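Visitor: 3D model of this:
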Amino acid sequence: MPSPAPRGSVTLVLGGARSGKSRFAEGLVTASGLERVYVATAQAFDDEMRARIAAHRDSRGGAWRTVDAPRDLAAAIDAEATENHAVIVDCLTLWLSNALLADADIEHEAGLLLEALVRARGPVVLVSNEVGSGIVPDNALARAFRDHQGRLNQRVAAIADRVTLVVAGLPLDLKLPKEPS
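Guide: Residues are numbered from 1 along each chain as shown. Below is the predicted model of the structure:
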(Lines give C-alpha, C1' and ligand atoms only; values in the text may rest on other atoms or scores of the structure.)
Protein backbone atom coordinates (compact mmCIF):
# COMPACT_ATOMS: atom_id res chain seq x y z
CA MET A 1 0.00 0.00 0.00
CA PRO A 2 1.37 3.45 -0.86
CA SER A 3 2.22 5.95 1.85
CA PRO A 4 -0.46 8.60 2.30
CA ALA A 5 -0.07 12.02 0.74
CA PRO A 6 0.69 14.55 3.51
CA ARG A 7 -1.67 17.47 4.12
CA GLY A 8 -1.08 20.38 1.74
CA SER A 9 1.19 18.32 -0.48
CA VAL A 10 1.22 17.98 -4.26
CA THR A 11 1.90 14.58 -5.80
CA LEU A 12 2.24 13.96 -9.54
CA VAL A 13 1.66 10.39 -10.74
CA LEU A 14 2.85 9.75 -14.29
CA GLY A 15 2.53 6.73 -16.55
CA GLY A 16 1.36 5.41 -19.86
CA ALA A 17 -2.10 4.18 -20.78
CA ARG A 18 -3.27 1.34 -18.50
CA SER A 19 -0.07 1.55 -16.44
CA GLY A 20 -1.87 1.50 -13.08
CA LYS A 21 -1.30 5.20 -12.38
CA SER A 22 -4.92 5.95 -11.43
CA ARG A 23 -5.10 2.97 -9.08
CA PHE A 24 -1.85 4.03 -7.42
CA ALA A 25 -3.06 7.65 -7.09
CA GLU A 26 -6.38 6.49 -5.60
CA GLY A 27 -4.39 4.48 -3.04
CA LEU A 28 -2.50 7.60 -1.97
CA VAL A 29 -5.72 9.51 -1.43
CA THR A 30 -7.40 6.62 0.37
CA ALA A 31 -4.38 6.21 2.68
CA SER A 32 -4.68 9.87 3.75
CA GLY A 33 -7.73 9.03 5.88
CA LEU A 34 -9.37 12.28 4.73
CA GLU A 35 -12.62 12.64 2.84
CA ARG A 36 -11.95 11.64 -0.78
CA VAL A 37 -12.71 13.95 -3.68
CA TYR A 38 -12.29 12.78 -7.26
CA VAL A 39 -11.90 15.69 -9.69
CA ALA A 40 -12.74 14.23 -13.10
CA THR A 41 -11.60 16.00 -16.26
CA ALA A 42 -13.08 13.62 -18.86
CA GLN A 43 -15.88 14.65 -21.16
CA ALA A 44 -18.23 12.05 -22.63
CA PHE A 45 -18.39 12.88 -26.32
CA ASP A 46 -19.48 9.38 -27.39
CA ASP A 47 -20.97 6.15 -26.04
CA GLU A 48 -17.60 4.47 -25.58
CA MET A 49 -16.33 7.34 -23.40
CA ARG A 50 -19.59 7.42 -21.43
CA ALA A 51 -19.13 3.69 -20.69
CA ARG A 52 -15.48 4.24 -19.62
CA ILE A 53 -16.48 7.05 -17.27
CA ALA A 54 -19.30 4.97 -15.76
CA ALA A 55 -17.01 1.96 -15.25
CA HIS A 56 -14.32 4.12 -13.65
CA ARG A 57 -16.86 5.74 -11.31
CA ASP A 58 -18.34 2.36 -10.38
CA SER A 59 -14.90 0.91 -9.62
CA ARG A 60 -14.24 3.65 -7.04
CA GLY A 61 -17.36 2.89 -5.05
CA GLY A 62 -19.40 5.22 -2.89
CA ALA A 63 -16.60 6.51 -0.64
CA TRP A 64 -15.65 9.15 -3.21
CA ARG A 65 -17.35 12.43 -4.05
CA THR A 66 -16.93 13.26 -7.74
CA VAL A 67 -16.51 16.80 -9.05
CA ASP A 68 -16.56 17.28 -12.83
CA ALA A 69 -14.00 19.85 -13.95
CA PRO A 70 -13.22 19.37 -17.63
CA ARG A 71 -11.94 22.94 -17.96
CA ASP A 72 -11.84 25.04 -14.77
CA LEU A 73 -9.45 22.85 -12.86
CA ALA A 74 -7.94 25.68 -10.80
CA ALA A 75 -11.35 26.59 -9.38
CA ALA A 76 -12.08 22.95 -8.52
CA ILE A 77 -8.78 22.64 -6.65
CA ASP A 78 -9.39 25.92 -4.83
CA ALA A 79 -12.84 24.70 -3.75
CA GLU A 80 -11.98 21.10 -2.87
CA ALA A 81 -8.36 20.95 -1.60
CA THR A 82 -9.22 21.85 1.98
CA GLU A 83 -7.86 20.65 5.31
CA ASN A 84 -10.49 17.89 5.47
CA HIS A 85 -10.27 16.62 1.90
CA ALA A 86 -7.74 14.69 -0.16
CA VAL A 87 -8.15 15.37 -3.87
CA ILE A 88 -7.25 13.33 -6.90
CA VAL A 89 -7.24 15.00 -10.33
CA ASP A 90 -7.67 12.39 -13.05
CA CYS A 91 -6.29 13.44 -15.36
CA LEU A 92 -4.16 16.34 -16.55
CA THR A 93 -3.94 14.78 -20.01
CA LEU A 94 -7.68 15.01 -20.63
CA TRP A 95 -7.80 18.48 -19.07
CA LEU A 96 -5.09 19.63 -21.50
CA SER A 97 -6.95 18.03 -24.41
CA ASN A 98 -10.12 19.90 -23.39
CA ALA A 99 -8.20 23.19 -23.21
CA LEU A 100 -6.61 22.64 -26.62
CA LEU A 101 -9.97 21.78 -28.19
CA ALA A 102 -11.42 24.98 -26.68
CA ASP A 103 -8.52 26.96 -28.20
CA ALA A 104 -7.58 28.20 -24.71
CA ASP A 105 -4.37 29.99 -23.83
CA ILE A 106 -2.53 26.93 -22.52
CA GLU A 107 0.24 28.83 -20.75
CA HIS A 108 -2.31 31.00 -18.92
CA GLU A 109 -4.45 27.99 -17.96
CA ALA A 110 -1.38 26.09 -16.74
CA GLY A 111 -0.34 29.11 -14.69
CA LEU A 112 -3.75 29.23 -13.00
CA LEU A 113 -3.48 25.51 -12.22
CA LEU A 114 -0.02 25.88 -10.68
CA GLU A 115 -1.17 28.81 -8.54
CA ALA A 116 -4.12 26.75 -7.26
CA LEU A 117 -1.79 23.85 -6.41
CA VAL A 118 0.44 26.17 -4.38
CA ARG A 119 -2.65 27.46 -2.49
CA ALA A 120 -4.03 23.97 -1.76
CA ARG A 121 -4.63 23.32 1.94
CA GLY A 122 -5.13 19.58 1.57
CA PRO A 123 -3.24 16.94 -0.38
CA VAL A 124 -3.67 16.95 -4.15
CA VAL A 125 -2.67 13.95 -6.25
CA LEU A 126 -2.57 14.61 -9.99
CA VAL A 127 -2.56 11.87 -12.62
CA SER A 128 -0.96 12.56 -16.00
CA ASN A 129 0.15 10.57 -19.01
CA GLU A 130 3.79 10.47 -19.98
CA VAL A 131 3.32 10.87 -23.73
CA GLY A 132 6.78 11.84 -24.99
CA SER A 133 8.40 8.43 -24.97
CA GLY A 134 6.95 7.22 -28.26
CA ILE A 135 7.37 8.15 -31.88
CA VAL A 136 7.11 11.72 -33.13
CA PRO A 137 3.47 12.30 -34.09
CA ASP A 138 2.74 12.77 -37.78
CA ASN A 139 0.53 15.87 -37.52
CA ALA A 140 0.85 19.37 -36.09
CA LEU A 141 -1.99 19.09 -33.55
CA ALA A 142 -0.62 15.85 -32.07
CA ARG A 143 2.91 17.32 -31.91
CA ALA A 144 1.56 20.48 -30.21
CA PHE A 145 -0.33 18.32 -27.71
CA ARG A 146 2.76 16.23 -26.95
CA ASP A 147 4.85 19.37 -26.46
CA HIS A 148 2.27 21.05 -24.20
CA GLN A 149 1.86 17.85 -22.17
CA GLY A 150 5.59 17.52 -21.66
CA ARG A 151 5.92 21.14 -20.53
CA LEU A 152 2.87 20.86 -18.23
CA ASN A 153 4.25 17.70 -16.61
CA GLN A 154 7.61 19.43 -16.07
CA ARG A 155 5.98 22.49 -14.48
CA VAL A 156 3.82 20.42 -12.14
CA ALA A 157 6.78 18.16 -11.25
CA ALA A 158 8.86 21.22 -10.37
CA ILE A 159 6.42 22.30 -7.63
CA ALA A 160 5.34 18.79 -6.58
CA ASP A 161 6.54 17.33 -3.31
CA ARG A 162 6.47 13.85 -4.81
CA VAL A 163 6.61 12.53 -8.38
CA THR A 164 6.01 8.85 -9.11
CA LEU A 165 6.20 7.05 -12.45
CA VAL A 166 4.00 3.94 -12.69
CA VAL A 167 4.94 1.25 -15.21
CA ALA A 168 3.12 -2.11 -15.41
CA GLY A 169 1.48 -1.34 -12.06
CA LEU A 170 4.83 -0.76 -10.35
CA PRO A 171 5.57 2.67 -8.85
CA LEU A 172 9.00 4.23 -9.22
CA ASP A 173 9.53 7.36 -7.12
CA LEU A 174 11.32 10.04 -9.12
CA LYS A 175 11.08 12.74 -6.43
CA LEU A 176 10.33 12.37 -2.75
CA PRO A 177 9.54 15.01 -0.13
CA LYS A 178 12.60 16.55 1.43
CA GLU A 179 13.37 15.47 4.96
CA PRO A 180 12.91 18.28 7.50
CA SER A 181 16.25 19.79 8.58
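Visitor: remind me which residues of the chain are low pLDDT?
Guide: Across the chain, the ranges flagged by pLDDT under 70 are 1-7, 180-181.
Visitor: what about the strands in it?
Guide: 10-15, 35-40, 64-68, 85-90, 124-129, 162-167, 170-175 (DSSP state E).
Visitor: got the ones you listed as a markdown table, with distance to residue 105 and mean neighbour count columns?
Guide: Bear in mind the C-beta positions are built from the backbone N, C-alpha and C, glycine included. Output for those, formatted as a markdown table (distance: least, C-beta to C-beta, whole Å; neighbours: other C-beta atoms under 10 Å):
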| stretch | distance to residue 105 | mean neighbour count |
| --- | --- | --- |
| strand 10-15 | 22 | 26 |
| strand 35-40 | 21 | 21 |
| strand 64-68 | 22 | 15 |
| strand 85-90 | 20 | 25 |
| strand 124-129 | 20 | 25 |
| strand 162-167 | 26 | 20 |
| strand 170-175 | 28 | 13 |
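Visitor: relative to residue 107, which of those strands is closest?
Guide: Closest approach to residue 107 among the strands of the chain (C-beta to C-beta): strand 124-129, 16.9 Å.
Visitor: contacts for that closest one, please.
Guide: Contacts of strand 124-129 with the rest of the structure, by C-beta atoms under 8 Å, 6 or more residues apart in numbering, involve 5, 9-17, 21-22, 25, 28-29, 77, 81, 86-93, 117, 149, 152-153, 156, 160.
Visitor: could you redo the last one with a cut-off of 6 Å?
Guide: Residues from elsewhere that reach strand 124-129 (C-beta atoms under 6 Å, 6 or more residues apart in numbering): 5, 10-14, 21-22, 25, 28-29, 81, 87-93, 153.
Visitor: same thing with stretch 53-63?
Guide: With contacts defined as C-beta under 6 Å, 6+ apart, stretch 53-63 is touched by 36, 42, 44.
Visitor: got it, and stretch 19-31?
Guide: Contacts of stretch 19-31 (C-beta under 6 Å, 6+ apart): 2, 4-5, 13, 15, 36, 86, 88, 90, 125, 127, 166-167, 169, 171.
Visitor: buried ones in it?
Guide: Neighbour counts over stretch 19-31 (16 or more other C-beta atoms under 10 Å) mark 19-22, 24-30 as buried.
Visitor: ok, stretch 112-120 next?
Guide: Across stretch 112-120, burial judged by 16+ other C-beta under 10 Å covers 112-114, 116-117, 120.
Visitor: okay, those in JSON lines with distance to residue 64 next?
Guide: Output for these, formatted as JSON lines (distance: C-beta to C-beta, whole Å):
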{"residue": "112", "distance to residue 64": "25"}
{"residue": "113", "distance to residue 64": "21"}
{"residue": "114", "distance to residue 64": "25"}
{"residue": "116", "distance to residue 64": "20"}
{"residue": "117", "distance to residue 64": "20"}
{"residue": "120", "distance to residue 64": "18"}
